[in-house]
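> quick one: sequence plus predicted model below, questions after.
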Amino acid sequence: MLQSLRQILSVLICALACVLLSGGPFAMDTGILFPTQSGQFFFLLFGGIALAGTMGASLLVDSRKRDGNFTWSDGIGLVLAGYITIHTLILWNTTAPERYWGLLALVVLYPALRLLDKKYLPYILLAIITAGAGQAIYGNLQLYGIFPSYHTGFKMTGSFFNPGPYAGYLVTVFPVAVGVYWFKERLFPKSWQQTLFTYIAILCTITILLVLPASQSRAAWLGALASLGYLAMIKYPWIGKLKNRLPSWRLRMLSLPGLILFIGLAGYGLYTFKEGSANGRVLIWKVTAAMIADQPLWGHGVEQFKARYMDYQAAYFKARPDSTEAMVADNVTYVFNEFLHMAVELGLVGLLLVLGILTFAFFGKTRQGDKQIWVALCRAGLLALLVFSCFSYPLEIWPIVANGLVYLAALATWTTPSINVPNKGLQGIRIAAGLALLCCLPWAGQRVLQQKDAYTTWKHAFQTYQTGAYEACLEDYEKAWPYLQHNGGFLNNYGKALSMAGEHKKAIEVLTQAQNYLSNTITYTALGDSYKALGKHALAEKAYLQAWQMIPSRFYPKYLLAKLYEETNQKQKAREVAKELLEKEVKVESRAINEIKNEMEAILIKFNK
């Protein structure tokens with residue numbers, strides 16, 4: 001009886017994991033704000049709750065006397081999860097942001113896969129390939145205008161909000177699909193399996209190759225090449241032995257400059273393809289280095305990059321008032337390098353823990369000979385993700401993170417364990433863990449439903465704000481505030497609406513709170529407006545200056561500063577700012593810039609008299 005129940009629960013866990021991995025990328029909810037990102041987020045949360053409940057039941061009925069099968073990756077991962085929790089809730093004394101709860105939902109996926117029977121893991125990987133094929137077909141149909149894009153500036157985004165994350169998702173699937181096709185005879189013993197999954201792999205590979213160039217994501221291209229090269233060395237062993245075939249040291253010496261030249265030309269080509277974008281990322285990395293230097297060991301805290309980066313960028317330009325890099329600066333929420341991101345938020349301690357997990361994932365010895373190819377496929381998918389991580393922000397995209405966790409869990413299952421935990425005492429731990437998971441389900445489900453309702457209310461409030469009904473939208477913002485008071489985007493929206501509605505004291509309170517989660521030029525210009533309305537001109541001046549120093553190429557913060565000086569009759573300062581704006585280089589011509597210049601000319605005429 002118990003054995004049958006265990007089998008049923010195992011099949012259910014496998015099915016839920018497949019649904020989570022294949023449905024997550026397509027999840028969308030037009031009833032809430034940010035339908036693609038938020039849709040994927042809530043699909044993950046609900047899927048995580050269902051998976052946690054099933055895993056809890058499975059732990060309770062698992063009465064088998066068996067030793068624990070743990071690897072060093074499991075142990076380091078457990079330490080990392082505890083470190084992030086302590087880091088978030090205790091060390092920095094902050095309330096856990098939404099991202100932390102999303103990570104918890106994904107963390108459920110890892111032990112669920114580790115407890116699952118090894119025979120189910122190939123089906124989960126094949127679910128990833130199937131979802132990748134569906135996304136690639138979707139992108140092709142967008143290119144041909146059959147389906148709409150989810151970004152006004154791009155024809156193709158898949159079910160994502162931007163071509164970059166879309167390409168990142170596809171590149172984590174691509175090497176697994178190629179590997180299934182290349183090694184089908186060794187992966188599938190039955191002919192019908194070879195036929196079925198070969199067709200799926202071919203479809204996935206071809207459709208991804210059709211859309212990946214159109215994404216214009218250099219990071220995705222590099223990830224695809226790196227993972228494909230890794231698989232090619234396994235498929236064609238002579239590639240790895242090529243160096244031994246060179247006839248002499250002279251030929252080897254001649255080949256080295258050629259390799260360096262090729263890498264240099266490829267790098268230069270990728271740089272010039274989007275030079276402005278590349279220069280912008282270099283600027284972000286420079287400023288990020290200063291953040292790491294200030295808190296090298298423990299970091300600034302989970303989600304604190306978004307809260308603090310723009311202040312560091314303002315300090316960077318304040319120390320370099322004539323820097324040409326100001327022309328590529330913008331409001332920044334992503335590091336475009338996940339290793340630097342982890343160093344900023346978790347410090348070197350957190351980064352070393354992550355690198356430890358990756359080391360065991362790539363260099364652990366394969367436990368079973370018949371699983372060597374599956375191990376290679378998982379490592380190729382993980383390699384594509386890591387290369388993409390060096391130039392983008394995949395850890396902000398839940399379906400990509402889910403794929404990465406599957407690869408880590410499969411590698412931990414199929415590689416040699418280094419931590420042996422005897423059965424004595426494990427049964428009690430299993431029962432305690434199962435009960436804890438089941439007891440938390442009602443609270444977690446209620447909390448997720450409340451959060452989703454808050455996003456629906458936020459969308460209604462934002463739409464009302466867009467119509468100019470600033471006072472009318474406040475009721476919805478206040479209704480959503482208890483559940484979104486740690487969401488920086490929400491707090492900025494709410495604070496700006498309060499400022500526009502004339503509720504300046506409350507606006508300052510909300511915008512000041514927003515700085516703990518997301519700080520940018522919008523935050524400071526809205527603060528400046530409210531300080532100015534309350535007659536706190538010195539604070540308004542400071543806020544406008546901070547907004548300008550964050551992005552010196554912008555006209556609007558300095559325009560607000562000039563109007564402040566004009567209205568407070570600070571003639572000399574008004575003339576200086578007006579003259580500066582009239583002589584300022586324009587990054588993008590627009591009607592607003594022309595109107596600002598006209599007003600600056602009027603200020604000069606007024607005060608020169």
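Arrived safely, thanks for sending.
> quick check: longest helix of this protein.
In the chain, with assignment by DSSP state H, the single longest helix is helix 426-466.
> beyond it, next helix or strand please.
Next in sequence after helix 426-466, counting helices and strands by DSSP states H and E, comes helix 470-484.
> tell me the angle of that following helix relative to helix 426-466?
Counting by axes from the mean of the first three to the mean of the last three Cα atoms, to 10 degrees, helix 470-484 lies at 170 degrees to helix 426-466.
> report all helices and strands that the longest helix of the chain contacts.
Contact here means 3 or more Cβ pairs under 8 Å, 6 or more residues apart in numbering; DSSP states H and E; on that basis helix 426-466 packs against helix 35-61, helix 470-484, helix 488-500. Bear in mind the C-beta positions are built from the backbone N, C-alpha and C, glycine included.
> repeat that with 6 Å
helix 35-61, helix 470-484 (3 or more Cβ pairs under 6 Å, 6 or more residues apart in numbering; DSSP states H and E).
> what about the stretch 1-150 of the chain, any weak spots by pLDDT?
1-3, 63-69, 90-97 (pLDDT under 70).
> at 80 instead, please
Within the stretch 1-150 of the chain, the stretches with pLDDT under 80 are 1-7, 59, 61-70, 87-107, 118.
> from Pro557, how far out is Arg591?
18 Å (Cβ to Cβ, to the nearest Å).
> neighbour count winner among the two?
Using other Cβ atoms under 10 Å as the criterion, Arg591 and Pro557 rank with Pro557 on top: 22 against 7.
> which ones are touching the more buried one?
Contacts for Pro557 (Cβ atoms under 6 Å, 6 or more residues apart in numbering) come out as Thr525, Tyr544, Ala547, Trp548.
> quickly find the element holding it.
Using DSSP H and E, Pro557 sits in helix 556-567.
> alpha carbons of that helix, in CSV - could you do that?
Backbone C-alpha positions of helix 556-567 (Å, rounded to 0.1, in the frame of the first residue of the first chain) are rendered in CSV as follows:
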residue,chain,number,x,y,z
TYR,A,556,14.6,67.3,-16.9
PRO,A,557,16.1,67.4,-13.4
LYS,A,558,18.2,70.5,-14.2
TYR,A,559,15.1,72.1,-15.7
LEU,A,560,13.2,71.5,-12.5
LEU,A,561,16.2,73.0,-10.6
ALA,A,562,16.1,76.1,-12.9
LYS,A,563,12.4,76.6,-12.3
LEU,A,564,13.0,76.3,-8.5
TYR,A,565,15.7,79.0,-8.6
GLU,A,566,13.4,81.2,-10.8
GLU,A,567,10.4,80.9,-8.4
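> center of this protein, which residue is that?
Closest residue to the average C-alpha location of the chain: Glu396 at 1.3 Å, with Cα atoms, centre = their mean.
> returning to what we had before: tabulate the contacts of Pro557 (TSV), appending distance to Val335.
Listed next are the contacts of Pro557 as TSV, based on distance: Cβ to Cβ, whole Å:
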residue	distance to Val335
Thr525	24
Tyr544	27
Ala547	21
Trp548	23
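> next step: these restricted to helices.
Those of the contacts of Pro557 lying in helices (DSSP H): Thr525, Tyr544, Ala547, Trp548.
> and among the helices and strands packed on helix 426-466, the most buried is which?
helix 35-61 (a mean of 22; mean count of other Cβ atoms under 10 Å).
> from Glu338, how far off is Val354?
If you go by Cβ to Cβ, the gap between Val354 and Glu338 works out to 9 Å.
> more neighbours: those two, which one.
Glu338 (22 against 17).
> contact partners for the more buried one?
Applying Cβ under 6 Å, 6+ apart, the residues contacting Glu338 are Ser389, Leu395.
> which of the contacts of Pro557 are buried?
Thr525, Tyr544, Ala547, Trp548 (16 or more other Cβ atoms under 10 Å).
> can you pick out the most distant pair from those?
Farthest pair in the buried ones among the contacts of Pro557 (Cβ to Cβ) is Thr525 and Trp548. Separation: 9.2 Å.
> run through the strands of the stretch 1-150 of the chain in chain order.
68-70 (DSSP state E, counting those that start in this stretch).
> how far away is Ile76 from Lys563?
From Ile76 to Lys563 the distance is 55 Å (Cβ to Cβ).
> before we move on, back to that, helices or strands up against the helix or strand just after the helix holding Pro557?
Per DSSP H and E, the first helix or strand lying C-terminal to helix 556-567 is helix 571-583. Judged by 3+ Cβ pairs under 6 Å, 6+ apart, helix 571-583 is in contact with helix 556-567, helix 591-608.
> okay, the angle between the last one and helix 571-583?
Here helix 591-608 runs at an angle of 140 degrees relative to helix 571-583 (the same axes, to 10 degrees).
> again with the shortest one
Using the same axes, to 10 degrees, the inter-axis angle of helix 556-567 relative to helix 571-583 is 150 degrees.
> pull out the buried positions in helix 556-567.
Tyr556, Pro557, Lys558, Tyr559, Leu560, Leu561, Ala562, Lys563, Leu564, Tyr565, Glu566.
> who wins for proximity to Arg575 among the helices and strands packed on helix 571-583?
So among these, helix 591-608 is nearest, using Cβ to Cβ, at 5.3 Å.
> give me the buried positions along the closest one.
Ile593, Ile596, Lys597, Met600, Ile603, Phe607.
> which other helices and strands contact that helix?
helix 571-583.
> per-residue confidence averaged over the helix it packs on?
Average pLDDT, helix 571-583: 91.
> from the chain's centre, how far out does it sit?
The chain centroid and the centroid of helix 571-583 are separated by 41 Å under Cα atoms, centre = their mean, to the nearest Å.
> pLDDT weak spots in the stretch 301-450 of the chain?
364-371, 415-431, 433.
> tell me where it has helices.
304-318, 338-363, 372-389, 398-414, 426-466 (DSSP state H, counting those that start in this stretch).
> okay if I get those helices as a markdown table plus distance to Asn140?
A markdown table is the format used below for the helices of the stretch 301-450 of the chain (distance: least, Cβ to Cβ, whole Å):
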| stretch | distance to Asn140 |
| --- | --- |
| helix 304-318 | 34 |
| helix 338-363 | 28 |
| helix 372-389 | 20 |
| helix 398-414 | 19 |
| helix 426-466 | 30 |
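> surely Phe555 meets Asn594?
No. Here Phe555 does not reach Asn594: they are 10.4 Å apart, not a contact under Cβ atoms under 6 Å.
> against Val510, how distant is Gly488?
Gly488 is 11 Å from Val510, by Cβ to Cβ.
> whoops, I mixed them up, Pro163
34 Å.
> now swap in Leu358 and tell me
40 Å.
> higher neighbour count, those two?
Set Leu358 next to Val510 and count neighbours by other Cβ under 10 Å: Val510 wins out with 25 against 16.
> ignoring the adjacent residues along the chain, who's closest to the more buried one?
Leaving aside its chain neighbours, Val510 sits nearest to Gly495 (4.0 Å; criterion: Cβ to Cβ, 6 or more residues apart in numbering).
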